[in-house]
Structure formats: structure tokens, C-alpha cells
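Undergrad: Task: produce atomic coordinates for the following.
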Amino acid sequence: MNTERVKIARRTMVLFFVVDTSGSMMGEKIGSVNDAIRETVPDLKDLSSGNPDAAIKIAAMQFDTDVNWLYPQPIDSEDFQWNDLQAGGLTSLGSALKELNQKLSKSQFLQEAAGSFAPVIILLSDGGPTDAYKDALEEIKKNNWFKHAIKIAIAIGNDADKNVLTDFTGNSESVVEVHNRAMLKAFIRFVSVTSSQVNSKSSGVEDTTKQEKVISQVKNFVDTQNVEDVDLDEFN
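TA: The predicted model follows:
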């Protein structure tokens, strides 16, 4: 009797980290982002290996004056290694959105033979765009993968343009504002794992969308955090 387990091809879910690495992110901010994502990857690996519905892959983009991907294709979470980002330059959000729009395609980052779940897109920024981003934002909103993605933005500090981030996610409740290293790391980890967990499961007809589920869990997480003993202006 053949006792080998038959491997069934799973669909793929890609988690996108879109990270602002402009000059204002230098120091504590970019260091916290690097630490947080590096520490989150093992959780995503465990989530993927135990998920019967989907294999989780990770794609990471940094944008400042230029736009760059850490890897030319999404990487299996089991094999993904975070390479620390450096900050410097302008905040070319428009260029980042054009590049992201191009990759949100079956001919690019979502070309798995077994199919793909809608992605999770986490945008991290501490300021406002320095380029003409509005046309690129309107264009990506037409992309069906983007429409159905779970989109969360983490606004780092008081200077982050929350109106722009809200326009990106489509909902102000999908924008989380953080002011210190501890909360930034906690939110990156929580949002990454929770969004991936929700979005990489098959589901039938439900009363709430996956985006709404994540927003609800994020709100509950915010409510449980004790911020009274931390300096809320640590990043400013």
C-alpha cells in the first residue's frame, strides 16, 4: 500500500509590503520596519505551511525617488528572507502605484497555475507624495485584483498624509496611525498575519467582506493596546 501523501496543488495568496523609504524614514522608523517584517516572516511561514487552502508568498517593494522590488518575483514564505531597507530620497508614490498596478496581473506576480486568491497589500508611509500620484491611483483602482485585495495602510507618525492613505485603501478605518517603535512593530505583525489568515481561506456567501473582517479585528486589536505608558511622539 502506498502511504505517500498526495500533494494537492494549493492556490496562492501574495502578501505585498509597499514601503516608503524616503529620507524622512531614516533612523528609528526604517529600523523598526526592518525589524518588524523580519520578525513577522516566520509567522507567515507557519501560517502558510498549516493552510490547506493557500500557499502564502511575499512580495516587497520600496519606493523613494526610485522604485525597487526586493525580489523579481513573489517568494514562498518558507524561503523568503528580509533584506534590510535603507532610507533616502523623495516619496514617489505615483511611480510605486504604477509599478504595483503592472504587477497585479496574471502575466506578472499572480500567474500561479493553480490560481490565486486576491492579494493582501500593506502600505507603510510617514509623509505625503512628492510626485503627481493621482492619475496612477485612479488607474490602479480599475485593476480587479486591487479592487478585491485586502488593503491596509500604516501611517507612521503625525506627518503621514492620512487622506492619501484613505484614498488608497478606500476606507479610513483601514488606515492605522502609529507613533512609536513598539506599536509600529506590533501593528505590522498583527496586520500581516491577520490579513493573510483571513484572505487565504476559501469562503462562501458571507455577510461581511474579508476587508471588513480584517478592519474589525484591527479595531479590536487597537482597543486592547495600552498606550498610556509610551511616548506617542517618539517618531516625531
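
Undergrad: What residues sit buried inside stretch 162-171?
TA: Neighbour-count burial for stretch 162-171, with 16 or more other C-beta atoms under 10 Å as criterion, is recorded at 162, 164-169. All C-beta spots, glycine's among them, are computed from the backbone N, C-alpha and C.

Undergrad: what residues are up against the residue positioned nearest the centre of the chain?
TA: Per C-alpha atoms, centre = their mean, the C-alpha nearest to the average position across the chain is that of I122, at 2.0 Å. Contacts of I122 were listed using C-beta atoms under 8 Å, 6 or more residues apart in numbering, and they are 15-18, 152-154, 188, 191-192, 195.

Undergrad: could you give me the average pLDDT of the helix ranked longest in the chain?
TA: Scanning the chain for the helix with the most residues, using DSSP state H, yields helix 28-49. For helix 28-49, the mean per-residue pLDDT is 96.

Undergrad: helices or strands next to the helix or strand where V19 lies in the packing?
TA: Assigned by DSSP states H and E, V19 belongs to strand 11-20. Under the contact criterion of 3 or more C-beta pairs under 8 Å, 6 or more residues apart in numbering; DSSP states H and E, strand 11-20 touches helix 28-49, strand 54-63, helix 93-103, strand 120-125, helix 181-199.

Undergrad: Which of the ones you listed has the highest mean neighbour count?
TA: Highest mean neighbour count of those: strand 120-125, a mean of 27 (counted as mean count of other C-beta atoms under 10 Å).

Undergrad: who does that strand pair up with?
TA: strand 11-20 (parallel), strand 150-156 (parallel) (DSSP bridges).

Undergrad: Which SSE is immediately downstream of that strand?
TA: For strand 120-125, the following helix or strand on the C-terminal side (DSSP H and E) is helix 134-140.
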